[in-house]
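A.B. asks: generate coordinates for the sequence data below:
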Amino acid sequence: MNFVEQKAMQIVMEHERKQGRNPKDVSKDKKEVGYDILSKERKIEVKGLGGRNPFFKLNNYNFETFGMVRFPEGKM
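C.D. replies: Numbers count the residues shown, from 1 in each chain. Model prediction:
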């Protein structure tokens, strides 16, 4: 895990704690579960990006499998 990914995990863990949840880092578990943090019933996949043009795509599998919320363009 590189610096950017570690920082992203730290930020999400801190946010979850501030919301009164008790997050658990499952990203290093031997059994891959498809997400990085388990926080109550929340399964969180963390994406930490750096560089000039950070970009990643989410596909329908991500939304359907993990019950993700789609935000209108520019409204997140």
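
A.B. asks: quick one: buried residues of the lengthiest helix in the chain?
C.D. replies: If you go by DSSP state H, the chain has its longest helix at helix 3-18. Buried residues in helix 3-18, counted by 16 or more other Cβ atoms under 10 Å: 5, 8-9, 12-13, 16. C-betas here are computed from N, CA, C, even on glycine.

A.B. asks: contacts for it?
C.D. replies: 1, 22-23, 25, 27, 36-37, 39, 42, 44, 46-50 (Cβ atoms under 8 Å, 6 or more residues apart in numbering).

A.B. asks: please repeat the previous calculation with a cut-off of 10 Å.
C.D. replies: Helix 3-18 has contacts (Cβ atoms under 10 Å, 6 or more residues apart in numbering) with 1-2, 21-25, 27, 36-40, 42, 44-51, 54.

A.B. asks: report all helices and strands that the helix or strand just after it contacts.
C.D. replies: Counting by DSSP states H and E, the next helix or strand C-terminal to helix 3-18 is strand 24-25. Counting contacts by 3 or more Cβ pairs under 10 Å, 6 or more residues apart in numbering; DSSP states H and E, strand 24-25 packs against helix 3-18, strand 37-39.

A.B. asks: got those as CSV, with distance to K31 and mean pLDDT columns?
C.D. replies: Formatted as CSV, these follow (distance: least, Cβ to Cβ, whole Å; pLDDT from 0 to 100):
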stretch, distance to K31, mean pLDDT
helix 3-18, 18, 90
strand 37-39, 12, 94
